[in-house]
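A.B. asks: Okay, here's the prediction I keep looking at, along with the sequence it came from:
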Amino acid sequence: MKMTADYHTHTFYSDGHSSMRDNVLEAVKKGLTSLGITDHGFNHRTGGIKREDVKKLRDEINSLQKEFPQIKLLLGVEANLLNYNGDVDLTPDDIKNFDYIILGIHYLTYGKGVKDSFLFNFRNFFWNTKQHRKKITKSYIKAMDRYPIKVIVHPNYATGCDVEMLANACKERGVLLEFNGKRVEFNKREIDAIIKSGVGIILGSDAHYANKVGDCSLQQEFLKDYPDFPLERFVNINLEN
Ligand SMILES: [Zn+2]
Ligand SMILES: [Zn+2]
């Protein structure tokens, strides 16, 4: 099993440890057809990109695209879900600056106000109740209805959610669900719900080092427990390798 394209990678512009160029070189080396750079959104406390850097990111990716015509390069962003209302750390102007948006929940992001920052993150850490997970899932759905989101990344990281409800909502909206290269956190019941929903699934390396670009070894390891998993549901996989 081999990734054909990687739409979830980080660089120095957020908390990655490699340059955009290093990621591109690795993607070319591994024969990927497409590479997305998705640094963390603005409200990520430890690694969010800065609004004043977005133009630099765009200029850099444009020049790399000229240099490496054999691979399609895209500039995305890994936006943060901020609260129960489906607010995301992107303004309408920000959205225009990116080719696509992936959305995740991260520890200790800045919310819209003190209440969001405190309550949302505090609950994620200490108060992962069923009611909270339902509210989180509804918030993902509100966000999908308000923003042009392509992928929900690493569901169940930082806080649990209702995976069945989320998978069904993604399927209805044509949003992909990610199996993440750093953490795959689904139980058997959730895997069954994902399969049953018919949702499209995508592999993302979530590479923070260039050598991890295009790497799906963790997902492969995880799937060993599910030998009947329908691999054809992955949109970016080559089954022949
Ligand atoms: Zn993330
Ligand atoms: Zn990421």
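C.D. replies: Thanks, I have the structure now. Ligands and ions are numbered 1, 2, ... in the order given.
A.B. asks: and the longest strand along the chain, which strands flank it?
C.D. replies: Taking DSSP state E as the criterion, the chain has its longest strand at strand 72-80. Strand 72-80 has the following strand partners under DSSP bridges: strand 34-40 (parallel), strand 100-104 (parallel).
A.B. asks: Need the residues that contact the helix or strand of the chain at the bottom of the mean pLDDT ranking.
C.D. replies: The weakest-scoring helix or strand in the chain, judged by mean pLDDT, DSSP states H and E, is helix 114-126 (a mean of 72). For helix 114-126, the surrounding residues in contact (C-beta atoms under 8 Å, 6 or more residues apart in numbering) are 82-84, 87, 105, 107-111, 132, 158-159. For every residue, glycine as well, the C-beta is placed using N, CA and C.
A.B. asks: Okay, now the unreliable bits of the chain?
C.D. replies: Low-confidence segments of the chain, defined by pLDDT under 70, span residues 241.
A.B. asks: show me the contacts for the closest residue to ligand 2 within it.
C.D. replies: Taking C-beta to the ion, ligand 2 has its nearest neighbour within the chain at Asp206, 4.3 Å off. Contacts for Asp206 (C-beta under 8 Å, 6+ apart) come out as His8, Thr9, His10, Val153, His154, Asn180, Gly181, Lys182, Lys212.
A.B. asks: what does this protein put close to ligand 2?
C.D. replies: Residues of the chain lying close to ligand 2 by C-beta under 5 Å from the ion are Glu78, Asp206.
A.B. asks: Phi, psi for the residue lying closest to Asp22 once chain neighbours are set aside please.
C.D. replies: Excluding the flanking residues, the one nearest Asp22 by C-beta to C-beta, 6 or more residues apart in numbering is Ala210, at 3.7 Å. Comment: the main-chain dihedrals of Ala210 come out as phi -60, psi -40, following degrees, to the nearest 10.
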